[in-house]
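S.K.: sequence first, predicted coordinates after that:
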Amino acid sequence: MSRNYKMECNITGYCEEREPHIINAFVDNWAFDDCDIGKGRLKIWGESCLQGGETEDEFVDRMSYAIWEANEAYCAVEISCIYLDDPPTEVYSLDEDDYAKWKEIK
């Protein structure tokens, strides 16, 4: 069963010369949407699916190891796993009383 996620990866303290390799490590392990590079920080994100029973923890380990290997040294890796199949939602509905209040302040 696949589970849809958006993964956001923030990397700091990496070797700037290894930046293309780090981006490729992300691309090799997850669908790449875009990245933002600036002031010693690399942010990469994309949407795809965890498959084969992989857990979020296993994905984070796999991605971190790939990034460290690409960097050829330790760097800080922070990954946000955003589950897209059943995101928390709120439904809001204003009623006639709310309309009356709005009319008073308008």
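M.R.: Alright, I've got the coordinates.

S.K.: contacts for the lengthiest helix in the chain?
M.R.: Ranked by residue count and defined by DSSP state H, the top helix of the chain is helix 56-71. Helix 56-71 is contacted from outside by 5, 7, 9, 11, 14-15, 18, 21-22, 24-26, 28-30, 50, 54, 74-75, 77, 79, 81, using CB atoms under 8 Å, 6 or more residues apart in numbering. Any C-beta I mention is one placed from the backbone N, CA and C, and that applies to glycine too.

S.K.: repeat the analysis, applying 6 Å as the threshold.
M.R.: For helix 56-71, contacts defined as CB atoms under 6 Å, 6 or more residues apart in numbering pick out 14-15, 18, 21-22, 25, 29, 50, 77, 79, 81.

S.K.: among those residues, which one has the most neighbours?
M.R.: In terms of neighbour count, I22 stands highest of the contacts of helix 56-71 at 26 neighbours, by other CB atoms under 10 Å.

S.K.: can you give me phi and psi for it?
M.R.: phi -70, psi -40 (degrees, to the nearest 10).

S.K.: residues touching it, list them.
M.R.: Contacts of I22 by CB under 6 Å, 6+ apart are 14, 67, 70-71.

S.K.: buried residues, the longest helix of the chain. List them.
M.R.: Neighbour-count burial for helix 56-71, counted by 16 or more other CB atoms under 10 Å, picks out 59-60, 63-64, 66-68, 70-71.

S.K.: so where is this structure shaky, pLDDT-wise?
M.R.: For the chain, the stretches with pLDDT under 70 are 1-2.

S.K.: quick one on the thing from earlier: between all of the contacts of helix 56-71, which two are separated the most?
M.R.: The span of the contacts of helix 56-71, defined through CB to CB, is set by C15 and L50 at 28.9 Å.

S.K.: what sits up against stretch 23-34?
M.R.: Contact partners of stretch 23-34, identified using CB under 6 Å, 6+ apart, comprise 7, 44-46, 48, 63, 66-67, 70.

S.K.: okay, buried residues for it please.
M.R.: By 16+ other CB under 10 Å, the buried positions in stretch 23-34 come out as 23, 25-26, 29-30, 32.

S.K.: just the ones of those in strands?
M.R.: Among the buried residues of stretch 23-34, no member falls in strands (DSSP state E).
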